[in-house]
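Undergrad: need a structure here:
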Amino acid sequence: MMVGNRLGAAAQRAVGNDRYGPLTEPRLVRWLLIGIALVFLGFFLIVPLALVFVKAFEGGWHTYLEALRDPIATAAIRLTLLVAAIAVPVNLVFGLAAAWAIAKFRFRGKNLLVTLIDVPFSVSPVVAGMIFVLLFGAHGWVGPWLAEHDVKIIFAVPGIVLATMFVTAPLVARELIPLMQAQGDDEEEAALTLGASGWQTFFRVSLPKVRWGLMYGVVLCNARAMGEFGAVSVVSGHIRGLTNTLPLHVEILYNEYQFAASFAAASLLTLLALVTLMLKSLIEWRTSR
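TA: Next comes the predicted model:
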């Protein structure tokens, strides 16, 4: 009885102190940690983002809209959306196939495949761009053959797409692999036992199970594809109106001291990032439910 009373009193004290779980830090320590996190986010995230919009609208709405309506700016926006529209679906298919193979099958070289998927995480984007220059450039391994057949990859849209696909390749797969491994194969085995075909099992059982993780990976992949700078900068050639994506356009305007136009384009990228974060938070909330 005394032990039960002590446990009840301890539980009441924990509830009264708003302590959840095994943590026993004093309230002052918790508020101090939260305050440090908020101050850090305020100075290094919120204030810079706010300054981007302040600088973008410093010259008024007319200057802002003129900067975005400029033909070179609209070409950069179109190219950014085009590259994302190509790279994201390709990486979606690759990530889904790779995650399925790694989570569902045992085969030789499985660990090597997992390691290769992580290579773009460990390689600098600039180095990734240089790899494609060494492969497809004028003096690269297949560059002379491409020149003979009038095929342009480097300093053209295909090179930008390839570089973007390389740096974003792991994002979908890395979201799906642990999710598929944690879910197991019980439902798929039950579906097959009841007479479902392989495709029916995939589309009606396996894919719905991972749909939120898949959407999460697609959102991250799309955000990285639209904001990629290093690899695209190496392979693009910086040809205005042709091979400049929006991040490259921002850099060029800033280097030319066109600050209003530069921050206007940067604000558009920032808006895309904020929308991505909202979608990410929505997916996380839906997944937790």
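
Undergrad: per-domain residue ranges of this protein.
TA: Listed by automatic domain parsing, the domain ranges of the chain are 2-51, 59-288.

Undergrad: mind giving me TSV with those domains and columns for mean pLDDT?
TA: As requested, the domains of the chain are exported to TSV (pLDDT from 0 to 100):
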stretch	mean pLDDT
domain 2-51	69
domain 59-288	89
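
Undergrad: Could you check which helix or strand contains the residue lying closest to Ala264 once chain neighbours are set aside?
TA: Excluding its sequence neighbours, the residue lying closest to Ala264 (CB to CB, 6 or more residues apart in numbering) is Ala67, at 3.8 Å. Where you see a C-beta, it was placed from the backbone N, CA and C, and this is true even at glycine. Using DSSP states H and E, Ala67 sits within helix 60-69.

Undergrad: Distance from the chain centre to that helix, please.
TA: Relative to the centre of its chain, helix 60-69 is centred 29 Å away, using CA atoms, centre = their mean, to the nearest Å.

Undergrad: Please list the residues outside it that contact it.
TA: Helix 60-69 is contacted from outside by 56-57, 73-74, 77, 260-261, 264-265, 267-268, using CB atoms under 8 Å, 6 or more residues apart in numbering.

Undergrad: Following element in sequence after it, please.
TA: helix 71-104.

Undergrad: could you say what helices and strands the helix or strand following that next one packs with?
TA: Counting by DSSP H and E, the next helix or strand C-terminal to helix 71-104 is helix 110-117. Helix 110-117 sits against helix 71-104, helix 157-183, with contacts defined as 3 or more CB pairs under 8 Å, 6 or more residues apart in numbering; DSSP states H and E.

Undergrad: Mind listing what's buried along helix 110-117?
TA: Ile117 (16 or more other CB atoms under 10 Å).

Undergrad: packing partners for whatever helix or strand Val52 lives in?
TA: Using DSSP H and E, Val52 falls within helix 47-56. The helices and strands touching helix 47-56, judged by 3+ CB pairs under 8 Å, 6+ apart, are helix 259-288.

Undergrad: got the angle for the helix it packs on vs helix 60-69?
TA: 80 degrees (axes from the mean of the first three to the mean of the last three CA atoms, to 10 degrees).

Undergrad: list the buried ones in helix 259-288?
TA: For helix 259-288, burial by neighbour count (16+ other CB under 10 Å) applies to 260-270, 272, 276, 279, 283.

Undergrad: show me the residues around the nearest residue to Ile177 once chain neighbours are set aside that make contact.
TA: Spatial nearest neighbour of Ile177, excluding adjacent residues (CB to CB, 6+ apart): Ala99 at 4.7 Å. By CB under 8 Å, 6+ apart, the residues touching Ala99 are 172-173, 176-177, 179-180.

Undergrad: Pretty sure Leu135 sits against Gly129.
TA: No. Taking CB atoms under 8 Å as the definition, Leu135 is not a contact partner of Gly129, at 10.9 Å.

Undergrad: if you count what's nearby, which of those two comes out ahead?
TA: Counted by other CB atoms under 10 Å, Leu135 and Gly129 do not tie: Gly129 has more neighbours, with 25 against 16.

Undergrad: orientation of the helix holding Val52 relative to helix 259-288 in degrees?
TA: Using the same axes, to 10 degrees: helix 47-56 against helix 259-288 is 140 degrees.

Undergrad: From the rest of the structure, what touches helix 47-56?
TA: By CB under 8 Å, 6+ apart, helix 47-56 touches 64, 259-260, 263-264, 266-267, 270, 274.

Undergrad: Same question for stretch 131-140.
TA: Residues contacting stretch 131-140 (CB under 8 Å, 6+ apart): 123, 141-144, 146-147, 153-154, 159, 162-163, 166, 231, 234-235.

Undergrad: just stretch 263-272 next, same as before
TA: With contacts defined as CB under 8 Å, 6+ apart, stretch 263-272 is touched by 49, 52-53, 55-58, 63-64, 67-68, 73, 76-77, 223, 226-227, 246-247, 249-250, 253.

Undergrad: and after the host helix or strand of Glu188, which helix or strand comes next?
TA: Assigned by DSSP H and E, Glu188 belongs to helix 186-193. Per DSSP H and E, helix 186-193 leads on to helix 198-201 as the next helix or strand towards the C-terminus.
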